[in-house]
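Asker: Return atomic coordinates for the entry below.
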Amino acid sequence: MGATADRQRSGQAARVGGGLPGDDPTLGANASPPSLRPIALLSAAAFCNSSCLRITDPMLPMLAQDFRVTTGAASAVVTAFALAYGVSQLAYGPIGDRCGKYRVICVAMTLSAVAIAVGAAARSLPQLAMLRLLAGVTTAGVLALALAYVGDVVPYAGRQAVLARVLSGQLLGVICGQAAGGILIGVVGWRVVFLLLGAVFAGVSLLLWRELLSGRVVQPGGAEQLRAGQLRAGRMVRDYLNLLTGAHSRRVLIAISLEGLLFFGMLAYFAAFLRQRFALDYLTIGPLLGCFGLGGLGYGMFARWIVPALGERRMMVLGGVLLLCGLLLLGRTPVWAADAPVMAVLGFALYMVHNTLQTNATQMAPDARGAAVSLFTAVFFCGQAIGAAATGAAVARFGYSAVFAATGLCLLALCGWFARCAYGDAAAWAMAPQSGSTKSDGGNA
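Answerer: From the prediction side, this is the model:
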């Protein structure tokens with residue numbers, strides 16, 4: 001793809017919902033490096049967030065047994081959480097842009113500690129689904145705004161490596177939610193697990209509040225601008241509509257919604273698959289699921305070398321190939337121990353793809369980055385909510401192996417499409433200078 005085409009794409013990105021790194025006035029050439037301590041605490045918040053997201057995966061067989069329903073019916077707790085989490089993003093993004101992303105994260109973490117803990121009091125599946133819906137509303141204000149905050153304070157050229165640090169916390173949360181959660185569920189039951197997770201949220205929220213009050217947290221745009229920001233429904237709608245006018249923004253949103261529908265909707269059923277296929281107990285299922293998170297953590301650890309060596313286009317293609325191979329193997333392994341490395345490969349590949357999409361999302365609208373990343377997360381979790389319900393129906397009709405194979409083929413096609421269509425814009429962003437005055441339409445509405 002020629003240099004002229006790249007310049008045309010970069011010009012289009014600057015005009016419509018796909019701004020360049022230099023578009024952000026807080027990231028001038030002389031900007032000092034941000035403090036890493038606030039970002040480290042955001043990684044801890046991402047840990048809590050992902051633990052909450054995945055904690056119900058190993059619970060599904062036990063919930064089905066306790067409430068005397070099928071595993072597909074028990075997945076209502078996954079669907080309720082994912083749907084509430086996704087829809088709530090549309091409010092949190094503009095609120096974070098105008099009230100301060102770090103401050104909103106602190107409030108959301110505090111409320112989440114309570115919402116998660118009360119899940120232990122559920123006496124029926126509908127009650128638990130409603131309480132998980134409430135937890136989805138409160139936790140929705142954490143991860144997307146954490147990614148947007150990193151986008152505010154770190155230039156695009158080095159952003160994927162820093163996002164990988166937040167991703168490491170996110171993946172440790174996946175490991176904890178799936179592996180440690182599975183082990184604890186088998187020992188103390190699912191109610192105690194909700195209480196313990198609520199306590200962890202409370203501890204991290206206290207650290208976040210302390211950091212916010214310390215003065216080390218960067219407030220992009222200045223405190224006066226934050227105080228002057230107004231939340232108007234009309235402007236919020238215009239921000240989101242402007243994001244949809246950019247071709248690259250639409251590609252990113254389509255890709256993440258399909259990734260959520262195809263893979264993350266299916267991920268909730270891995271525990272049920274292992275229990276059905278190999279008759280494993282929860283103490284064994286938990287560590288096996290944790291291998292998925294370990295694979296993703298491996299990507300996070302080596303991202304600083306992988307990104308410059310491969311580039312975003314090759315990362316998407318390689319990720320799609322590995323996802324297909326892993327899903328084909330997962331449904332055909334003769335013994336359960338062989339699924340451990342397969343899970344690790346799936347985790348590595350999935351987060352190679354997912355982090356690339358996340359990095360693109362942080363640059364869709366530099367002047368309304370909270371809204372941009374929140375819309376990205378909203379369509380992702382709405383896709384996941386649909387995928388969880390659709391996967392349950394597909395598994396009941398076709399079986400796990402067929403569903404895994406079909407999902408792998410679709411993911412490969414998705415990754416290939418995004419790599420082919422979006423590479424020019426991503427390359428233009430990565431090569432753009434770190435100073436400039438052009439602004440994205442997403443922030444000027």
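Asker: what about the stretch 301-445 of the chain, any weak spots by pLDDT?
Answerer: 423-445 (pLDDT under 70).
Asker: Helices along that one, start to end?
Answerer: 339-361, 369-398, 400-431 (DSSP state H, counting those that start in this stretch).
Asker: Can you give the distance of the longest one from its chain's centre?
Answerer: Read that as helix 400-431. Computed by Cα atoms, centre = their mean, to the nearest Å, the chain-centroid distance of helix 400-431 equals 17 Å.
Asker: Likewise for the shortest one?
Answerer: For helix 339-361, the separation from the chain centroid amounts to 11 Å (computed by Cα atoms, centre = their mean).
Asker: That helix versus helix 369-398: what angle between them?
Answerer: 140 degrees (axes from the mean of the first three to the mean of the last three Cα atoms, to 10 degrees).
Asker: Report the buried residues of helix 339-361.
Answerer: 339-340, 342-361 (16 or more other Cβ atoms under 10 Å). All C-beta atoms are positioned from the backbone trio N, CA, C, and that covers glycine.
Asker: Likewise for the second one?
Answerer: Neighbour-count burial for helix 369-398 flags 369-389, 391-392, 394-395 (criterion: 16+ other Cβ under 10 Å).
Asker: Over to stretch 291-301?
Answerer: Within stretch 291-301, judged by 16+ other Cβ under 10 Å, the buried ones are Cys291, Phe292, Gly293, Leu294, Gly295, Gly296, Leu297, Gly298, Tyr299, Gly300.
Asker: want to throw these into JSON lines with secondary structure?
Answerer: Listed next are the buried residues of stretch 291-301 as JSON lines, based on DSSP: H, G, I helix; E, B strand; the rest coil:
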{"residue": "Cys291", "secondary structure": "helix"}
{"residue": "Phe292", "secondary structure": "helix"}
{"residue": "Gly293", "secondary structure": "helix"}
{"residue": "Leu294", "secondary structure": "helix"}
{"residue": "Gly295", "secondary structure": "helix"}
{"residue": "Gly296", "secondary structure": "helix"}
{"residue": "Leu297", "secondary structure": "helix"}
{"residue": "Gly298", "secondary structure": "helix"}
{"residue": "Tyr299", "secondary structure": "helix"}
{"residue": "Gly300", "secondary structure": "helix"}
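Asker: of the residues you listed, closest to Ala309?
Answerer: Taking Cβ to Cβ as the measure, Ala309 sits nearest to Tyr299 out of the buried residues of stretch 291-301, at 12.8 Å.
Asker: Quick check: nearest residue in space to Ala180, chain neighbours excluded?
Answerer: Closest residue to Ala180 apart from its sequence neighbours, by Cβ to Cβ, 6 or more residues apart in numbering: Gly286 at 6.8 Å.
Asker: Relative to Leu212, which of the helices of the stretch 301-445 of the chain is closest?
Answerer: helix 369-398 (16.1 Å).
Asker: quick one, what contacts Leu274?
Answerer: Contacts for Leu274 (Cβ atoms under 8 Å, 6 or more residues apart in numbering) come out as Leu280, Ile285, Leu288, Leu289, Trp336, Asp339.
Asker: From Thr56, how far off is the last one?
Answerer: Right, the one you point to is Asp339. To Thr56, Asp339 is 20 Å away according to Cβ to Cβ, to the nearest Å.
Asker: Likewise for the first one?
Answerer: Separation of Leu280 from Thr56 (Cβ to Cβ) stands at 18 Å.
Asker: Give me the more crowded residue out of those two.
Answerer: Ranked by neighbour count (other Cβ atoms under 10 Å), Leu280 and Thr56 place Thr56 first, with 26 against 17.
Asker: So Arg123: helix, strand or coil?
Answerer: coil.
Asker: SS state for the nearest residue to Thr56 once chain neighbours are set aside?
Answerer: Nearest in space to Thr56, with sequence neighbours left out and distances taken as Cβ to Cβ, 6+ apart, is Val77 at 5.2 Å. Classification of Val77 using three-state DSSP returns helix.
Asker: and Val77, how many neighbours does it have?
Answerer: 28.
Asker: wait, doesn't it sit right on Pro126?
Answerer: No. Using Cβ atoms under 8 Å, Val77 is not in contact with Pro126, being 9.9 Å away.
Asker: Can you give me the buried ones in the helix or strand harbouring Glu211?
Answerer: For Glu211, the host element (DSSP states H and E) is helix 190-214. Within helix 190-214, the residues that count as buried by 16+ other Cβ under 10 Å are 190, 193-194, 196-198, 200-202, 204-205, 208-209, 211-212.
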